[in-house]
Each structure stands twice: as structure tokens, then as C-alpha cells.
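# Kindly return the folded structure for what I paste below:
(one chain, ligands or ions: 1)
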Amino acid sequence: MTTIAKPKAGLEDTVATSSAICYLDGDRGVLAYCGYDIHELARHATFEEVCYLLWHRRLPTRAELGDLQSQLVAGRALPEGLLRVMRALPAGDSMDQLRTLTSVLSHYDPDAGDNSPDANYRKAVRLTAQLGSLVATMGRVNGGGGPIQPDPVLGHAANFLYMLTGERPSALATRAFDVALILHADHELNASTFAARVIAATLSDIHSATVGAIGALKGPLHGGANSEVMRLLLEIGKEAAPEKADEVIRAKLGRKEKIPGFGHRVYHTEDPRATHLRQMSKDLGERTGETVWFSLSQRIEALVQSEKKLNPNVDFYSASTYYALGVPIDLFTPIFAVSRVSGWTAHVLEQFSNNRLIRPRADYIGPEYPQRYIPLEAR
Ligand SMILES: CC(C)(COP(=O)(O)OP(=O)(O)OC[C@H]1O[C@@H](n2cnc3c(N)ncnc32)[C@H](O)[C@@H]1OP(=O)(O)O)[C@@H](O)C(=O)NCCC(=O)NCCS
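Just a heads-up that it's a prediction; the model follows:
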């Protein structure tokens with residue numbers, strides 16, 4: 001009889017695969033993509049460079065980056081059939097829309113049915129380009145507007161904001177959004193990336209893996225937390241006395257509710273991504289003249305830190321950052337996908353390159369074996 005070890009709840013600290021993409025040290029608060037520290041990437045890189053890094057495990061030359069930018073620009077257009085499905089969907093949760101519409105994209109992909117490495121790389125690039133256009137267009141259509149055609153002159157971050165708002169974004173907004181995309185691009189075996197790798201390991205296709213990852217990202221314990229943070233800030237309200245924030249947070253903690261945007265399975269220090277998002281939230285608030293959301297966030301951070309010793313994670317300050325950028329709240333989690341699709345696809349390509357079916361075991365805790373079968377009429 002095979003002896004099965006007792007699992008750690010939530011597979012905490014369980015190493016499930018080897019990967020050359022993302023390095024995490026939860027004790028020192030280190031996050032690095034292919035060896036490059038996230039702080040350096042956030043200061044110097046663009047999202048397109050980070051995509052290249054994740055897919056190729058090295059930084060691109062100028063010519064390689066130019067090629068990738070051209071491929072991303074070429075991939076931005078959305079199929080007309082997809083726009084028809086988008087308009088036909090009933091109003092509802094934007095992550096549900098994104099999940100369905102990403103699946104629809106697979107039906108129009110010129111490489112559909114081709115699982116070769118070259119085709120999968122093209123699909124990774126195309127999916128990354130398309131998800132930006134898709135989420136921006138969802139924002140337009142859900143807001144009652146019409147789609148805006150992508151602008152080939154703009155980079156990925158600026159083009160997203162342009163397709164969402166119809167206005168050329170400022171340099172500050174563009175850089176803030178570019179950095180947000182860099183910070184969210186990959187995070188080792190987070191729940192959605194693990195889901196994507198499990199799907200890829202059956203030798204299914206990259207669209208299916210991405211759709212599964214979107215399903216995992218939706219949950220409030222994962223990417224869904226960023227919109228929950230903004231709803232919490234709005235519930236407290238910008239007119240309220242600062243003490244109201246303390247009351248709301250203490251009441252939640254008293255009811256043993258989780259405060260969205262705090263805590264992390266891996267980091268025991270500050271989440272290094274939160275450091276940048278906190279600064280961006282402050283800078284953008286000052287630029288728009290509405291510093292109230294940043295101040296409120298800081299007050300909540302201090303309280304949760306003193307009451308629960310919990311640090312903010314990537315989702316806490318991204319809420320007020322996106323809000324200052326004028327992004328509708330129901331797009332906050334889809335925006336996470338706009339960035340993380342680069343990491344998901346990098347992991348899927350890595351999984352395909354050295355695949356073995358992922359099929360763990362469960363520690364059985366059900367009724368003792370064997371049970372005697374009792375005929376229906378005798379039960
Ligand atoms: C991220 C998260 C899922 C990690 O979960 P985890 O490693 O399984 O940690 P647990 O849920 O077991 O929490 C451990 C303890 O800290 C508490 N805790 C963790 N996050 C908390 C939060 N955001 N608010 C209040 N308490 C929290 C738990 O209640 C638990 O306390 P207990 O031991 O007294 O019961 C968790 O911190 C969380 O739910 N955070 C809020 C959602 C969020 O921001 N998700 C985005 C993650 S990037």
C-alpha cells in the first residue's frame with residue numbers, strides 16, 4: 001500500500017515544480033524576474049521589455065525589442081466576431097466577461113490547433129496584445145461607449161489607457177500604468193499561474209490555460225482583492241472623519257473578516273510591489289488633486305499593521321492608483337490579467353518545453369474502505 005504524506009493546508013511552502021522564470025524570497029521581500037530585481041525593472045524597464053524577459057529569460061537587444069513591439073502592435077486588433085459576442089453578453093461581472101471573451105479569442109486565432117513551440121510563442125504574444133485591447137474595449141462598451149481603435153504609435157501601457165478613455169494619456173499616467181503592468185507581470189506559482197500550468201501539462205492549448213488562469217484570478221483571495229479594496233475605501237467615503245476608517249476596519253476584524261489587500265502567503269516582509277504602488281498612489285493623488293484615497297489607505301495600513309501585524313500586498317495600493325488613473329473599479333481585476341497574461345504564457349511555454357502531466361495525490365479522509373453496498377430498496 002502506498003503511504004501518502006499529509007498535505008500542508010493550501011500547499012503552503014510545497015515546491016511543485018522547477019522554474020527559471022521568477023525568484024521569490026518571502027523572508028527578505030525579494031521578487032526577481034529571471035534574476036532581475038523587481039525594483040530595478042520598475043525603475044528602468046518597460047512592460048514590453050519585461051514580456052521579452054519572461055518569454056526568453058534574457059533582456060532584449062534594441063532590435064529584438066523593436067520586433068516584439070511590432071508583433072504586439074500587430075496583435076492588438078480584436079476580431080469583429082468577438083465584438084459581436086461582447087455586445088450580446090448580458091451585463092455582469094467583468095471577470096466573467098473576460099473569461100468568456102478570452103475563450104472566444106481562441107476561435108479566431110490563426111494558430112488555433114497548432115501546439116508547436118513556434119505557434120505557442122506567437123499565441124503568447126498575440127494573447128498579451130489582445131488582452132489589453134479586450135479589457136479596454138470592455139470598459140468602453142460597459143460604459144455605453146463605442147470601441148476605440150488601437151494606436152500603433154503608442155506603447156502597450158499608453159495604448160491601453162488611450163483605448164479606454166479615448167484620450168492620449170499624460171507621461172505620468174503612462175509611466176504609472178507601465179510600472180503597474182511590470183509589477184503584476186509574474187509571481188512564481190501563484191494560484192492562477194499554477195492553474196495555467198496544470199492545464200498546459202495535459203497538453204491542452206495556451207488559450208485554455210489562460211482561460212483557467214482568469215477563473216482563478218477572479219477570486220477575492222487572489223486578483224479580485226484590488227476591486228474589493230476600492231469598494232472598502234468608497235464605503236468609508238472621502239467625506240468621512242478619519243476615525244470612521246478605524247471603526248470600519250476594527251468592526252471587520254472583530255467579525256473575523258479579512259481586510260482586502262493585506263497579508264500574503266509568501267512574504268513575511270513588505271510585498272516589494274507595494275512599495276512602488278504606494279508611491280504611485282501618492283504621486284497620482286497629488287497630480288489629480290485628490291489625495292484623500294491615499295491618506296485613507298495610509299491610515300488603514302497603519303491600523304492593520306498595528307492590530308494584525310499584516311503588511312499591504314500588491315492589491316492594496318493598486319486600488320487607489322487605478323482609481324486616480326480614472327479606471328472603472330470593475331476593470332481593476334481584468335487589468336491584473338492584462339499584465340499577468342505575460343507571466344501565465346511564459347509559464348505555459350516553460351511547461352510545454354519540459355512537460356510531464358501534473359497529477360498529485362490526495363490524503364483520503366473519507367469513510368473507511370471497504371463499505372458494503374446496500375441495494376437501493378434496502379436503504
Ligand atoms: C493572501 C491570503 C489569501 C494569504 O492567505 P494564507 O496564507 O492562507 O493566510 P491565512 O488566510 O491562513 O491567514 C493567516 C492568519 O492571518 C489572518 N489574515 C490573513 N490575511 C488577513 C487579512 N487580509 N485581514 C485580516 N486577517 C488576515 C487570518 O485571519 C489568519 O489569522 P488566524 O491565524 O488568527 O486565523 C490572505 O492574507 C488574505 O485572504 N488576504 C486578503 C485577500 C487579498 O488581499 N488577496 C490578495 C493576495 S496578493
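# Which phi and psi values does residue 25 adopt?
Dihedral angles of residue 25 (phi, psi; degrees, to the nearest 10) stand at phi -130, psi 100.
# again with the one 3 residues further on
For residue 28, the backbone dihedrals (degrees, to the nearest 10) come out as phi -100, psi 0.
# For this protein, list the residues in contact with the ligand, please.
For the chain, the residues found near the ligand under the criterion CB under 6 Å from any ligand atom are 10, 221-222, 225, 258-265, 308, 310, 313-315. In this view, the C-beta of every residue, glycine as well, is placed from N, C-alpha and C.
# Let's see that with 5 Å instead.
Proximity of the chain to the ligand (CB under 5 Å from any ligand atom) is limited to residues 221, 225, 258, 259, 260, 261, 262, 263, 265, 313, 315.
# check contacts around the spatially closest residue to residue 199 that is not a sequence neighbour.
Nearest non-adjacent residue to residue 199, counting by CB to CB, 6 or more residues apart in numbering: residue 209, 4.2 Å away. Residue 209 is in contact with 195, 196, 197, 199, 200, 344, 348, counting by CB atoms under 8 Å, 6 or more residues apart in numbering.
# do residue 145 as well
Counting by CB under 8 Å, 6+ apart, residue 145 has contacts residue 166.
# can we see that at 10 Å?
Contact partners of residue 145, counting by CB atoms under 10 Å, 6 or more residues apart in numbering, are 137, 139, 164, 165, 166.
# With adjacent residues omitted, what lies nearest to residue 355?
Using CB to CB, 6+ apart, the closest residue to residue 355 is residue 201 (5.9 Å).
# ditto for residue 111
In space, residue 111 is closest to residue 119, 4.0 Å off (CB to CB, 6+ apart).
# name the element the one you found belongs to?
Per DSSP states H and E: residue 119 is located in helix 117-142.
# Show me which residues of that helix are buried.
Residues 119-142 are the ones in helix 117-142 that count as buried (16 or more other CB atoms under 10 Å).
# how near is the residue nearest to residue 205 when sequence neighbours are not counted to the ligand?
Spatially, and ignoring its direct neighbours in sequence, residue 205 is nearest to residue 115 (6.2 Å; CB to CB, 6+ apart). To the ligand, residue 115 is 31 Å away according to CB to the nearest ligand atom, to the nearest Å.
# Wait, residue 284 touches residue 323, no?
Yes. Shown here, residue 284 and residue 323 form a contact pair, counting by CB atoms under 10 Å, at 8.8 Å.
# between the two, what contacts are shared?
290, 293, 294.
# who's in contact with the residue lying closest to the first one once chain neighbours are set aside?
I take that to be residue 290. Spatially, and ignoring its direct neighbours in sequence, residue 290 is nearest to residue 324 (6.9 Å; CB to CB, 6+ apart). Applying CB under 10 Å, 6+ apart to residue 324 gives the contacts 173, 176, 280-288, 290-291, 293-294.
# which outside residues touch stretch 198-205?
With contact meaning CB under 10 Å, 6+ apart, stretch 198-205 is reached by 16-17, 106, 109, 111-115, 119-120, 123, 206-213, 216, 344-345, 347-352, 355-360.
# please redo it, this time with the cut-off set to 8 Å
Contacts for stretch 198-205 (CB under 8 Å, 6+ apart): 106, 112, 115, 123, 206, 208-209, 212-213, 347-348, 351-352, 355-358.
# ok, now how distant is residue 303 from residue 117?
Going from residue 303 to residue 117 by CB to CB, to the nearest Å gives 50 Å.
# quick one on the thing from earlier: what is the neighbour count of the residue nearest to residue 205?
Per other CB atoms under 10 Å, the neighbour tally for residue 115 reads 15.
# What mean pLDDT does stretch 241-253 get?
Stretch 241-253 shows an average pLDDT of 93 in the prediction.
# just the CA coordinates of whichever strand or helix holds residue 32, formatted as CSV?
In this assignment (DSSP H and E), residue 32 forms part of strand 30-33. These are the backbone C-alpha positions of strand 30-33, laid out as CSV (Å, rounded to 0.1, in the frame of the first residue of the first chain):
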residue,chain,number,x,y,z
VAL,A,30,12.8,39.8,-2.8
LEU,A,31,11.0,39.4,-6.2
ALA,A,32,13.0,39.0,-9.3
TYR,A,33,12.1,38.0,-12.9
